[in-house]
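**Student:** just the structure for this:
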Amino acid sequence: MAHLPQQIISERIDDVVLLLEVMKKMGLPEILNQYLPRHWKQEGLDWGWVACIWLSYIISQGDHRKVRVREWVEQRHYTIEQVCGIKIRETDFTDDRLGILLKRLSKPETWK
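**Tutor:** From the prediction side, this is the model:
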């Protein structure tokens, strides 16, 4: 029987797992998706997961800036995918995409 080489992935997880698990148990991604439906051409993560992962970044790092989120997600890519049961694309957390999410969240009609 041939042995396949194993790959060891080492990522710093901090409090991210706890934060994401709490959001999952609350059903927060699904709630947000009710108010922020995807555009029929939208690819990648839905808005609920983008918002939850970004919120976990804000709480964990104490930093609300968009510019650091993509790098932070890349450093925890495997952990976030495993905890959330999702696939993350390289473009899911660009500044542009986060800006679109903020614009949608800021519209009063979103929350009526």
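**Student:** can you list contacts of the longest helix anywhere in the chain?
**Tutor:** Using DSSP state H to assign secondary structure, the helix with the most residues in the chain is helix 47-61. With contact meaning CB atoms under 8 Å, 6 or more residues apart in numbering, helix 47-61 is reached by 14-16, 19-20, 23, 28-33, 36-38, 45, 63-64, 68-69, 72-73, 80, 84, 86, 92-93, 97-98, 101, 104-105. Where C-beta positions appear, they are placed from N, C-alpha and C, glycine not excepted.
**Student:** what residues of that helix count as buried?
**Tutor:** Of the residues in helix 47-61, 47, 48, 49, 50, 51, 52, 53, 54, 56, 57, 60 count as buried by neighbour count, 16 or more other CB atoms under 10 Å.
**Student:** cool, stretch 100-111 as well?
**Tutor:** residue 101.
**Student:** and the average pLDDT for it is what?
**Tutor:** On average, the pLDDT along stretch 100-111 is 91.
**Student:** ok so, going back, for ChimeraX, write a command that selects the buried ones of the contacts of helix 47-61.
**Tutor:** Buried members of the contacts of helix 47-61, defined by 16+ other CB under 10 Å, are picked up in ChimeraX with:
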select :16,19,20,23,28,29,32,33,36,45,69,72,73,80,84,92,93,97,98,101
